[in-house]
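> need the 3D shape of this:
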Amino acid sequence: MATVSEASYELLRAHGLTTVFGNPGSNELPFLAGMPADFRYVLGLHEGAVLAMADGYAQARGGAAFVNLHAAAGTGNAMGMLTNAVYAHSPLVITAGQQVRSTVGQEVMLANVDAAALPKPLVKWACEPSCAADVPRALSQAIQLANLPAKGPVYVSVPYDDWAREAPEEARHLTVRRTAAAGSLSGAQLDGLVAALDGAANPVLVLGPEVDAEEANADAVRLAEQLSAPVWIAPSASRCPFPTRHPAFRGVLPAAVRGVSDALAGHDVILVAGAPVFRYHQFAPGPYLPEGARLIQLTSDPGEAARAPMGEALVGGVRDALARLAGAVTGGRRPALPPLPDFRPAPAAVSGDRLHPEELFALLRRTAPEDAVYVKESTSTTGAFWAQLDLSRPGSYFFPASGGLGFGLPAAVGAQLAHDGRQVIGLIGDGSANYGITALWTAAQYGIPVIIVILNNGTYGALRWFSKVLDSGETPGMDVPGIDFVQLAGGYGVAATAVRTGDAFVRALKDALGSRRPAVIEVATELTEP
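Modelled structure (predicted):
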């Protein structure tokens, strides 16, 4: 008979979950001791970085990732990054070690008291199996739920004495068990959508991360072209689901009620696909929709559909709906959209020893590979990024979906681990970098050739902008001067250089691209507004 450990590893193998992201403690050792030779363990030095690496890996590969945390303390360390995984719909299967089952009630050291409640409400589902024999089945349930729409993180706490117990004979069924979503628009629902879009005088599409896949992306392009409709990216989207130099592309909607309504003014039908309606940030009240506009949302997430304050919603397969819509709407009813103008010249920095972020991104566009993948967590340079970058392929952009800092640098490492053939470049603010800096050690130890560009302006730029929005004036804690990222990177084993001019940046980037090793480029940048 197989042990619980053996049955669980067989289950993970059957689902392709042979990469384990973790930082082990004593409760995890019995699980790790049984790891088969075909599994890969990716060690991170802090659980926040571990979870963000797994998140980047899952989003980049388009499939689930497996995470192993240490009891309650490790789970707590990871929960800041868990907020991003929730809103990115990242299918993370998170496990945590638990003390010996018979001692948990005593609250002995490293016991995870009320373990299933700890990660809520940030996970789709959480449990601690009621007995050792139920561990493989609970892991199977977690894997299925993580991958079913709407995808998202799940959590299983396992007492460490369970792994050596005998697994039930029926556990063999779990390795061949599969679940899949089967929902799609009815004929009447499709007809109603087609009629609304064909009858619109000025329709517009708003797309979210569910559309960032090869097939859905192509269908979104086809639908936009059939309708001659402009396309916006939903506020705070974790991915970019539309080519940014397509004539229909208009950018990212602002994360404010008034900003969204102003941007969508003049449109009578607003189709939101694969995104919530809407995820606002700054409080700028106004009408939720332009006068006379009808909003229709397509989402796989019942929660997103239910909590929206306006519009209609259809819950089902977003990709299927886009494909059927693109094939059913009537093309040629409106003039084709004109091509976008050429990139504007990037403004020069006021100071001669700093780069304007827009100039940095223009240089990056000209020098980096065309299929580069960007993980961005430089929140004060959002406008500069979209003004200069050309993202033509799906899966080229990742962003912290909840705004929780610390995602970017580790996620870039995880995304590069998932990509053998594409270069991943992390664009990380100096404030953000410190939240996940330990991921550089993982990149060095595993030879992961990610390139991290740190935009160093010496302050929390987005916070300074927000202080103007809130009229809060100068407050404590806005500046972070005196950090030497070259020395920090070197201490973790990553080659690094600091630059202050465009020519120096291009040389450093070309050197990093040619090295096929992890690299950090610290760039002195000018403070700009998002």
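> and the strands in the stretch 301-450 of the chain?
Using DSSP state E, counting those that start in this stretch, the strands found in the stretch 301-450 of the chain span residues 312-315, 373-377, 397-398, 424-429.
> output those as JSON lines; include the columns distance to Val277 and mean neighbour count.
To be clear about C-beta, it is placed using only N, CA and C from the backbone, and glycine gets the same treatment. Listed next are the strands of the stretch 301-450 of the chain as JSON lines, based on distance: least, CB to CB, whole Å; neighbours: other CB atoms under 10 Å:
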{"stretch": "strand 312-315", "distance to Val277": "8", "mean neighbour count": "17"}
{"stretch": "strand 373-377", "distance to Val277": "23", "mean neighbour count": "27"}
{"stretch": "strand 397-398", "distance to Val277": "21", "mean neighbour count": "28"}
{"stretch": "strand 424-429", "distance to Val277": "28", "mean neighbour count": "28"}
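> out of these, which gets nearest to Gly63?
strand 397-398 (14.9 Å; CB to CB).
> show me what the closest one is packed up against.
Counting contacts by 3 or more CB pairs under 8 Å, 6 or more residues apart in numbering; DSSP states H and E, strand 397-398 packs against helix 47-61, strand 373-377.
> could I get the full set of helices for the stretch 301-450 of the chain?
For the stretch 301-450 of the chain, the helices defined by DSSP state H, counting those that start in this stretch cover 302-307, 318-328, 357-367, 382-388, 408-418, 430-433, 439-445.
> where does the prediction get shaky in the chain?
In the predicted model of the chain, residues 459-473, 475-478, 530 satisfy pLDDT under 70.
> run the chain-centre distance for stretch 67-78.
How far stretch 67-78 lies from its chain's middle: 20 Å, per CA atoms, centre = their mean, to the nearest Å.
> what residues sit buried inside that stretch?
Across stretch 67-78, burial judged by 16 or more other CB atoms under 10 Å covers 67-72, 74-75, 77-78.
> just the ones in helices from the residues you listed, please.
Those of the buried residues of stretch 67-78 mapping onto helices are 71-72, 74-75, 77-78, per DSSP state H.
> keeping just the C-alphas, turn stretch 362-377 into CSV.
Extracted C-alpha coordinates of stretch 362-377, given in CSV (Å, rounded to 0.1, in the frame of the first residue of the first chain):
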residue,chain,number,x,y,z
ALA,A,362,11.7,54.2,-25.3
LEU,A,363,15.2,52.9,-25.1
LEU,A,364,13.9,49.6,-23.7
ARG,A,365,11.5,49.2,-26.6
ARG,A,366,14.3,49.8,-29.1
THR,A,367,16.8,47.5,-27.5
ALA,A,368,14.9,44.6,-25.8
PRO,A,369,13.7,41.6,-27.8
GLU,A,370,10.4,42.1,-29.5
ASP,A,371,8.8,39.2,-27.6
ALA,A,372,10.2,40.3,-24.2
VAL,A,373,7.9,39.8,-21.2
TYR,A,374,7.6,42.8,-18.7
VAL,A,375,6.7,42.5,-15.1
LYS,A,376,6.0,46.0,-13.9
GLU,A,377,6.0,47.3,-10.4
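> off-centre distance for it?
17 Å.
> returning to what we had before: want to throw the ones in helices among the buried residues of stretch 67-78 into TSV with distance to Pro119?
What follows is those, written out as TSV (distance: CB to CB, whole Å):
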residue	distance to Pro119
Ala71	12
Ala72	10
Gly74	11
Thr75	6
Asn77	12
Ala78	9
